[in-house]
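Participant: With the sequence up front, the predicted model follows.
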Amino acid sequence: MSPESVRTHDLVIWGATGYTGRLVALATAEHLGDRPWAIAGRSRRRLETLRDEIAATGVAPPDVVVADLDDASSMRAMTGSTRVVLTTVGPYDLVGEPLIEACIATGTHVADITGEVPWVRRMRTKYESTAREAGVRIVSMCGYDSVPSELGVRLLQSTAIETHGRSASEVEMAVGPIRGGVSGGTIASASNMIARAGEPEIRNAPRGAGGLCVEPPEPPIRSGAQWGIRRSAPLGIWTAPFFMAGINVAVVHRTHELLGRPWGDDFRYRECAAGGRGLSGFMKASLLAAGTIAMVMALVVPPLRWITRRWFLPAPGEGPNAARLRDGFVRHRTVSIDPPVTIEFEVDMDPGYAATARMLLACGMSLLDGDLEESIGDAFCTPGALFGRRLVPRLEAMGFRVNVRGE
């Protein structure tokens, strides 16, 4: 990185006036302490309004930095003023690259909350060598996609090795119960990926569990996808598809690759939505499966996508209101049978936004403190590989609960 004397901020939040960016800024004001930080975006007026909102809480307000994606010099001035940038500006596939370029040029670390696998793969292919030469870490999927998934697996495997002397070859994670909302930005990113699905970059790229791996093992990694109702033996419940499983499974296997595949080439990971036990669990899983399939159809079929976005889904910049953010919650349970280990990950706030803001901040603070695994050589990292269990105390300080049971 550039000399510390030119860095006026430890942390800058890029896109702070967006829906999720504002939540990251509020979480930063609460948890960063007395470190110098700033909020950044295109509109000085909106940034100053947010700064005044933060000041009204009684904490020292952040600085304001104005930058524009179409002005490379302003982007470099912004990234050059800080040690770490946290970005919530998407769809990353459309607007994420200028920030990557600016961070590499100024030697600044960056963490994002994208779930856009093709974009992450493209950025690494294009910039990994120059980012590594610049000493920059670019950490993607630092929100609900996919910190709970990765953290659950890493904690489970480390517990299995410490307690039983061996890792688990099969791990499964169940999501639920869960309550949360959706924002227009998330819908815009998903719609963009769906619209581009037929393009060569996406159509010809690796897919499934190995979609993020640089060198997928042979034979190919077994998929963790689930589309029907299934009774899970490790979990002991009826399960349904989980909408974000495809992304999370790919991220977990990329983490496994970055760590040197310590859990073996036959390691398998899958995710599902929790139904429950007995007939009531079967019925709940059936309803969850039907809802997931309907959601996919509404986003994939063009006429249904237009109708859904026009009449039922929030526009970009909109998201769950304060009550929904406060009343949201999620429970994750990650298990293996051989050896028997269970990890429980819980938080009582909206998982996709309020919790995501804190997960991104925890990753940013780990970058600031150099609290990471130096053995990871790749500039483009996942939070599970670069931070792993180091995130646990940071998350617990922000209201998350992580329970480890190695029987």
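Facilitator: Sure thing, it's come through.
Participant: show me where pLDDT drops low in the stretch 101-250 of the chain?
Facilitator: Where the stretch 101-250 of the chain drops to pLDDT under 70, the residues are 185, 197, 224.
Participant: Please, where are all the helices along it?
Facilitator: Assigned by DSSP state H, counting those that start in this stretch, the helices in the stretch 101-250 of the chain fall at 117-133, 147-164, 184-195, 200-203, 245-258.
Participant: got those as JSON lines, with mean neighbour count and distance to M398 columns?
Facilitator: For glycine as for every other residue, the C-beta is placed from the backbone atoms N, C-alpha and C. Putting those into JSON lines (neighbours: other CB atoms under 10 Å; distance: least, CB to CB, whole Å) gives the following:
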{"stretch": "helix 117-133", "mean neighbour count": "18", "distance to M398": "25"}
{"stretch": "helix 147-164", "mean neighbour count": "23", "distance to M398": "12"}
{"stretch": "helix 184-195", "mean neighbour count": "19", "distance to M398": "21"}
{"stretch": "helix 200-203", "mean neighbour count": "12", "distance to M398": "35"}
{"stretch": "helix 245-258", "mean neighbour count": "26", "distance to M398": "21"}
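Participant: Relative to E53, which of those helices is closest?
Facilitator: helix 184-195 (19.8 Å; CB to CB).
Participant: was I right about S189 contacting I113?
Facilitator: No - between S189 and I113 there is no contact under CB atoms under 8 Å: 10.0 Å.
Participant: picking up where we left off before, for R331, which of the helices of the stretch 101-250 of the chain is the nearest?
Facilitator: Taking CB to CB, helix 147-164 is the member of the helices of the stretch 101-250 of the chain nearest to R331, at 10.0 Å.
Participant: residues making contact with that closest one?
Facilitator: Residues lying outside helix 147-164 but in contact with it, judged by CB atoms under 8 Å, 6 or more residues apart in numbering, are 141, 166-168, 171, 173, 248-249, 251-252, 255, 262-263, 269, 271, 330, 332, 334-336, 339, 341-343, 345, 351, 359, 363, 382-385, 388-389, 391-392, 395, 402, 404, 406.
Participant: Skipping its backbone neighbours, what lies nearest G15 in space?
Facilitator: Of all residues not flanking G15 in the chain, V89 sits nearest, at 3.6 Å (CB to CB, 6 or more residues apart in numbering).
Participant: what's the answer for M141, then?
Facilitator: Excluding its sequence neighbours, the residue lying closest to M141 (CB to CB, 6+ apart) is V251, at 5.1 Å.
Participant: can you pull the contacts of that neighbour?
Facilitator: With contact taken as CB under 8 Å, 6+ apart, V251 is in contact with M141, D145, S146, S149, E150, L212, T382, G384.
Participant: Tell me the pLDDT of the last one.
Facilitator: pLDDT for G384: 97.
Participant: how near is it to Y353?
Facilitator: Here the distance between G384 and Y353 works out to 21 Å (CB to CB, to the nearest Å).
Participant: State the mean pLDDT of stretch 284-304.
Facilitator: The predicted model assigns stretch 284-304 a mean pLDDT of 86.
Participant: what's next to it, contact-wise?
Facilitator: Where contact means CB under 8 Å, 6+ apart, the residues beyond stretch 284-304 that reach it are 176, 187, 190-191, 194, 227-229, 238-243, 273, 275-276, 305, 307-308.
Participant: Pull out the buried residues from that stretch.
Facilitator: If you call a residue buried by 16 or more other CB atoms under 10 Å, then stretch 284-304 has these buried ones: K284, A285, L288, A289, T292, L299.
Participant: Next, give phi and psi for the third one.
Facilitator: To tie it back to what came earlier, the one meant is L288. Listed backbone geometry of L288 is phi -60, psi -40, with angles given as degrees, to the nearest 10.
Participant: Format the helices of the stretch 101-250 of the chain as JSON lines; extra columns: distance to L32.
Facilitator: Putting the helices of the stretch 101-250 of the chain into JSON lines (distance: least, CB to CB, whole Å) gives the following:
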{"stretch": "helix 117-133", "distance to L32": "25"}
{"stretch": "helix 147-164", "distance to L32": "18"}
{"stretch": "helix 184-195", "distance to L32": "23"}
{"stretch": "helix 200-203", "distance to L32": "37"}
{"stretch": "helix 245-258", "distance to L32": "26"}
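Participant: Could you point out which of those sits nearest L23?
Facilitator: Distance to L23, taken as CB to CB, is lowest for helix 184-195 among the helices of the stretch 101-250 of the chain, at 11.6 Å.
Participant: ok, residues contacting that closest one?
Facilitator: Around helix 184-195, the neighbours that count as contacts under CB under 8 Å, 6+ apart are 18-20, 88, 90-94, 114-116, 118, 202, 299-300, 305, 309, 313-319, 352.
Participant: re the thing from before, quick one: which of the buried residues of stretch 284-304 is nearest E53?
Facilitator: For these, the closest approach to E53 (CB to CB) belongs to L299, at 33.3 Å.
Participant: May I have the helix or strand hosting the closest one exported as CSV, CA atoms only?
Facilitator: L299 is located in helix 278-300, with elements delineated by DSSP states H and E. Below are the C-alpha coordinates for helix 278-300, written out as CSV (Å, rounded to 0.1, in the frame of the first residue of the first chain):
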residue,chain,number,x,y,z
GLY,A,278,-42.8,-35.3,10.5
LEU,A,279,-45.9,-34.4,8.4
SER,A,280,-45.8,-30.7,9.4
GLY,A,281,-42.2,-30.5,8.3
PHE,A,282,-43.0,-32.2,5.0
MET,A,283,-45.8,-29.7,4.4
LYS,A,284,-43.6,-26.7,5.3
ALA,A,285,-40.9,-28.0,3.0
SER,A,286,-43.5,-28.4,0.2
LEU,A,287,-44.6,-24.8,0.6
LEU,A,288,-41.0,-23.5,0.7
ALA,A,289,-40.2,-25.4,-2.5
ALA,A,290,-43.2,-24.1,-4.3
GLY,A,291,-42.4,-20.5,-3.2
THR,A,292,-38.8,-20.9,-4.4
ILE,A,293,-39.7,-22.3,-7.8
ALA,A,294,-42.3,-19.5,-8.2
MET,A,295,-39.7,-16.9,-7.3
VAL,A,296,-37.2,-18.3,-9.9
MET,A,297,-39.9,-18.4,-12.6
ALA,A,298,-40.9,-14.8,-11.8
LEU,A,299,-37.3,-13.7,-12.4
VAL,A,300,-36.4,-16.0,-15.3
